[in-house]
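Participant: Please find the sequence and the predicted model below.
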2 protein chains.
Amino acid sequence: MSKKLTSRSQDYNEWYNTIVLKADLADYGPARGTMIVKPYGWALWENIRQALDKRFKETGHVNAAFPMFIPYSFLQKEAKHVEGFSPQLAVVTHGGGEKLEEPLVVRPTSETLIGHAYAKWIQSYRDLPILINLWNNVVRWELRTKLFIRTTEFYWQEGHTAHATAEEATLETKQMLDVYTDFAVNEAAVPVIPGEKSEGERFAGADSTFTIEAMMGDYKALQAGTSHNLGQNFSRAFDITYLDKSNVLQYCWTTSWGVSTRFIGGIIMVHGDDQGLVLPPRLAPIQSVIVPIYRNDTDKTMVMETADRIYTILEKADIRVKLDDRENLSPGFKFNDWELRGVPLRIEIGPKDVVNQSVMLARRDMLGKKGKLSVSQDSIVETVTNMLVTIQLAMLDKATKFRDDNIHDVTSYEDFKETVKKGFARVWWAGSSDDEATVQKETKATLRCFPSEQPGGTGTCFYTGRTAVKVAIFGRAY
Amino acid sequence: MSKKLTSRSQDYNEWYNTIVLKADLADYGPARGTMIVKPYGWALWENIRQALDKRFKETGHVNAAFPMFIPYSFLQKEAKHVEGFSPQLAVVTHGGGEKLEEPLVVRPTSETLIGHAYAKWIQSYRDLPILINLWNNVVRWELRTKLFIRTTEFYWQEGHTAHATAEEATLETKQMLDVYTDFAVNEAAVPVIPGEKSEGERFAGADSTFTIEAMMGDYKALQAGTSHNLGQNFSRAFDITYLDKSNVLQYCWTTSWGVSTRFIGGIIMVHGDDQGLVLPPRLAPIQSVIVPIYRNDTDKTMVMETADRIYTILEKADIRVKLDDRENLSPGFKFNDWELRGVPLRIEIGPKDVVNQSVMLARRDMLGKKGKLSVSQDSIVETVTNMLVTIQLAMLDKATKFRDDNIHDVTSYEDFKETVKKGFARVWWAGSSDDEATVQKETKATLRCFPSEQPGGTGTCFYTGRTAVKVAIFGRAY
């Protein structure tokens, strides 16, 4: 705690790593690239999970669980899928002391297992749609890892649906993109750009991939969730067929979509500051922390009495509140500690507050005097509830402004090269996958997405000079 | 659906397997011994999880997540632990296309990873106790598998705590045994015998292992949850130390405890009957199903109007209710279908019920006329709520009576041999681990536990003839 945080401007990467460790979100596991998610980080993930799960259920999905072991031959059934994932696989070759006849892959994602099961479960149009979601852990071997952002094992949800028609699959893919956008904006206060990936950035085995892209505090992009229209690629590879109403055998249309613990990295990098983490109230494990302030035992008795009372009132109102009654730690130390951990609202209670029947609120998103406000103890539930809403909205506003200020319309490659050093470039694009690769090689920027919101009409591609029908967002990315 | 279920008396094993598949609880995964938990089975597990998680949090525990990969050398640090688990390991030898320098084990349980982390996290007595629980998946290579009861990969929770004193660790071990007992009895309506395992049946690396043992419908025992006092075995192996108040370095005392998806197998075998599954209301994914009955369109309109209304009322009251409005299926077919799936309460609504402002309740735990009751639509929430409580208690009573009727006090080995064919034998026991092994070889029965509730005093060991100070329960087991 004593060591000062690295500032963001000094070394963004070091700032990030230090926060993750010091705010007790996560730690390194002993096996290369693995992560221990500590209780505070896991509570954040549980809140994310709950907010997403509610939306999945509202849109008709149910949860299930599929095994983590996949026979290697399954991956080979979809040519692009195996090509995309084979460099990242962890392979089990021995079980129960013996060499296995066929090696097992630890799932990097479950499309193949799902394909195998759905082929068995689906007989007729009456069995459709199947709308299943899995909350689980997956493994992708990574060379360079970073806690939450890129770890060998990570936690996520993967939705897998099967439909009778192409239209339904398209609607599902877009619906889940909307669900992700709504979650990011309204729960995490993370403004995102929903859009479609270019061919080169598609999921291995998808006809089209949609994404939500967020801008981090260092202007880099984070792919924060994806929704894939798998067309009939997996249904043909795994024989997922159904008899339609006319008794004709048809291939199903399938989708998959996912959000992972990587999103936590996004929250840290969108909202964090030089004092540490800043968590959006709707997802914060602790929404409000009460810090009692006293210098002697007489003060202590009366302050603690009020602090206990306020704690009980807030707790009963389902506000996630903590009373920091640790002894032998100064209020100043506690302030820093909870600021580091990103608790949205601090409630200070000192002897004067007890006398005045007030408490002092201090906003995490607005440090210093301007974020402090003395309020009455009367209707404290309403006051705190409203303040949490205010903080949530202010965080979204601030992040949105930062992002919008750093997206620039660019028409020349020279300007593009400068822009992507400190922001996103919005450009007319008519290039090929090879052109994308060249741009990436020369500028480190990739095509993040063709935003769902398009200006319409045509423009001139900044790179090829050809007539373009779509605008794209480019940026350097995690 | 058309195929009749095998009866329990005909072939208990076949009866079990058929129910798991036909009630849509689970399916076989493609890799040997793995299991797909289907949405209905997973919803049951989610309810179990919620009921346990609530109790863990009430007793001060928090959730976290640890990696699934363990360096092989970690397991070797605790001699008995590696001896116990090495025949069951799945080993990852290749990652990212290359052979790993050190193979990784897919966790069979996480004591070693926990030991490594706690050693790092704990410095002083102020860091204690650590009370962490993990909800995750583990792998134990099994030769003979059975859905839910014994699968290569299974789902569970594993609690891991570290304490300053032996007394605290002992209290924690017993507290969690109480939590499991309370959960089993009051949520699952599964009567269990809490007690201590003999030395031979202890967890690999524990000083003592406590268990809850349940009797299945075929009189066999199921170990339904365990709580281990690990003493200082893991703290010495992993150097989990703390500075006490006098600044002296001490080893911690640790515990671990777990309940798994195996418990679902227990629920099936304790409550199921020849018509299928019977689920306890408190855990049932669907507590009540409404089946509308009509023969023509006029009746249909008025019946569906009432059915919709009752559905909405019950749903708003947080009763987990489903309206079975499937077309082209007869009420009789639907009755069988929901009986197979074990829904505790059926609500039938026909034209006469509409006229009489009544509905017909039918209890799953009491099939036929005696379980049917016509009730008023007024105060339907209260009626259904009370009926669900009645069913829950009746299921517990029935299971308790069955179990108690089939536990016999036995004083001779001859009687013992007969008793364990159709029940548990309660005996005075003063034998050794070798004696236990011989008894198992000759009778297939194992020492399930020394029950927490002991008669006191001494008796004569039925097997060795020696004076015994403890009574033990023996039974054949899953």
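Facilitator: Received the coordinates, thanks.
Participant: For chain B, what is the nearest residue in the stretch 151-300 of chain A?
Facilitator: A:Glu153 (5.5 Å; Cβ to the nearest Cβ). Any C-beta I mention is one placed from the backbone N, CA and C, and that applies to glycine too.
Participant: Show me the beta-bridge partners of that residue.
Facilitator: Beta-bridge partners for A:Glu153, by DSSP bridges, are A:Val139.
Participant: near chain B, which residues of the stretch 151-300 of chain A show up?
Facilitator: Within the stretch 151-300 of chain A, the positions near chain B by Cβ under 8 Å from any Cβ of the partner chain are A:Thr152, A:Glu153, A:Tyr155.
Participant: which helices and strands sit right next to the strand or helix carrying the last one?
Facilitator: Here A:Tyr155, judged by DSSP states H and E, is contained in strand A:153-163. Using 3 or more Cβ pairs under 8 Å, 6 or more residues apart in numbering or on different chains; DSSP states H and E as the contact definition, the elements that strand A:153-163 packs against are strand A:35-37, helix A:39-58, helix A:111-121, strand A:130-139, helix A:166-186, strand A:253-260.
Participant: which one's the longest helix in chain A?
Facilitator: For chain A, the helix with the greatest residue count under DSSP state H is helix A:380-405.
Participant: Would you pull up how far whichever helix or strand comes after that helix lies from the middle of the chain?
Facilitator: The element immediately downstream of helix A:380-405 (helix or strand, assigned by DSSP H and E) is strand A:407-409. Relative to its chain's centre, strand A:407-409 lies at 24 Å (Cα atoms, centre = their mean, to the nearest Å).
Participant: With stretch A:333-346 instead?
Facilitator: Going by Cα atoms, centre = their mean, where stretch A:333-346 is centred and where its chain is centred differ by 23 Å.
Participant: Check stretch A:137-145 too.
Facilitator: 17 Å.
Participant: What are the buried residues along it?
Facilitator: A:Asn137, A:Val138, A:Val139, A:Arg140, A:Trp141, A:Glu142, A:Thr145 (16 or more other Cβ atoms under 10 Å in any protein chain shown).
Participant: my read: the second one touches A:Glu153, true?
Facilitator: Yes: proximity of A:Val138 to A:Glu153 meets the contact threshold set by Cβ atoms under 8 Å, at 7.2 Å.
Participant: Please name every helix or strand in contact with the helix-or-strand element of chain A with minimal mean pLDDT.
Facilitator: Sorting the helices and strands of chain A by mean pLDDT, DSSP states H and E puts helix A:79-85 at the bottom, at a mean of 87. Applying 3+ Cβ pairs under 8 Å, 6+ apart, one finds that helix A:79-85 contacts helix A:72-75, helix A:233-238.
Participant: Now the residue of chain A positioned farthest from its centre: phi and psi?
Facilitator: Most distant residue from the mean C-alpha position of chain A: A:Thr298, 47.3 Å away (Cα atoms, centre = their mean). Per-residue torsions, A:Thr298: phi -60, psi -50 (degrees, to the nearest 10).
Participant: between the buried residues of stretch A:137-145, which is closest to chain B?
Facilitator: When those are compared for distance to chain B (Cβ to the nearest Cβ), A:Trp141 wins out at 3.4 Å.
Participant: What residues does the residue nearest to that closest one when sequence neighbours are not counted make contact with?
Facilitator: Excluding its sequence neighbours, the residue lying closest to A:Trp141 (Cβ to Cβ, 6 or more residues apart in numbering or on different chains) is B:Gly96, at 3.4 Å. Taking Cβ atoms under 8 Å, 6 or more residues apart in numbering or on different chains, we find B:Gly96 in contact with A:Pro87, A:Gln88, A:Leu89, A:Ala90, A:Trp141, A:Glu142, A:Leu143.
Participant: What of A:Gln10?
Facilitator: A:Gln10 neighbours (Cβ under 8 Å, 6+ apart): none.
Participant: For it, give me the pLDDT.
Facilitator: For A:Gln10, the pLDDT comes out at 93.
Participant: Could you measure from it over to A:Lys421?
Facilitator: 18 Å (Cβ to Cβ, to the nearest Å).
Participant: part of a helix, is A:Val471?
Facilitator: No: A:Val471: not assigned to a helix; according to DSSP: H, G, I helix; E, B strand; the rest coil it is strand.
Participant: what about it, how many neighbours?
Facilitator: For A:Val471, the count of nearby residues is 19 (other Cβ atoms under 10 Å in any protein chain shown).
Participant: any idea how far it is from chain B?
Facilitator: 37 Å (Cβ to the nearest Cβ, to the nearest Å).
Participant: Please report the distance of that residue from A:Lys444.
Facilitator: 21 Å.
Participant: Same question for A:Leu249.
Facilitator: Taking Cβ to Cβ, one finds A:Leu249 at 49 Å from A:Lys444.
Participant: neighbour count winner among the two?
Facilitator: Neighbour count, other Cβ under 10 Å: between A:Leu249 and A:Lys444, A:Lys444 has more, with 14 against 8.
Participant: Could you verify my assumption that that one touches A:Tyr478?
Facilitator: No: counting by Cβ under 8 Å, A:Lys444 stays clear of A:Tyr478, with 11.8 Å between them.
Participant: got a list of what A:Glu158 touches?
Facilitator: A:Glu158 sits next to A:Thr109, A:Ser110, A:Asn133, A:Leu134, A:Asn136, A:Val138, A:Ser256, A:Trp257, A:Gly258 when contact means Cβ under 8 Å, 6+ apart.
Participant: for A:Met35, same thing?
Facilitator: Taking Cβ under 8 Å, 6+ apart, one finds A:Ala26, A:Asp27, A:Tyr28, A:Gly29, A:Leu147, A:Phe148, A:Thr151, A:Glu153, A:Phe154, B:Pro67 in contact with A:Met35.
Participant: out of these, what pair is the most spread apart?
Facilitator: A:Asp27 and A:Phe154 (14.8 Å; Cβ to Cβ).
Participant: higher neighbour count, the two?
Facilitator: Ranked by neighbour count (other Cβ under 10 Å), A:Asp27 and A:Phe154 place A:Phe154 first, with 21 against 18.
Participant: how about that one, what does it touch?
Facilitator: A:Phe154 touches A:Met35, A:Asn137, A:Val138, A:Arg140, A:Ser260, A:Thr261, A:Arg262, counting by Cβ under 8 Å, 6+ apart.
Participant: Many thanks, I have nothing further to ask.
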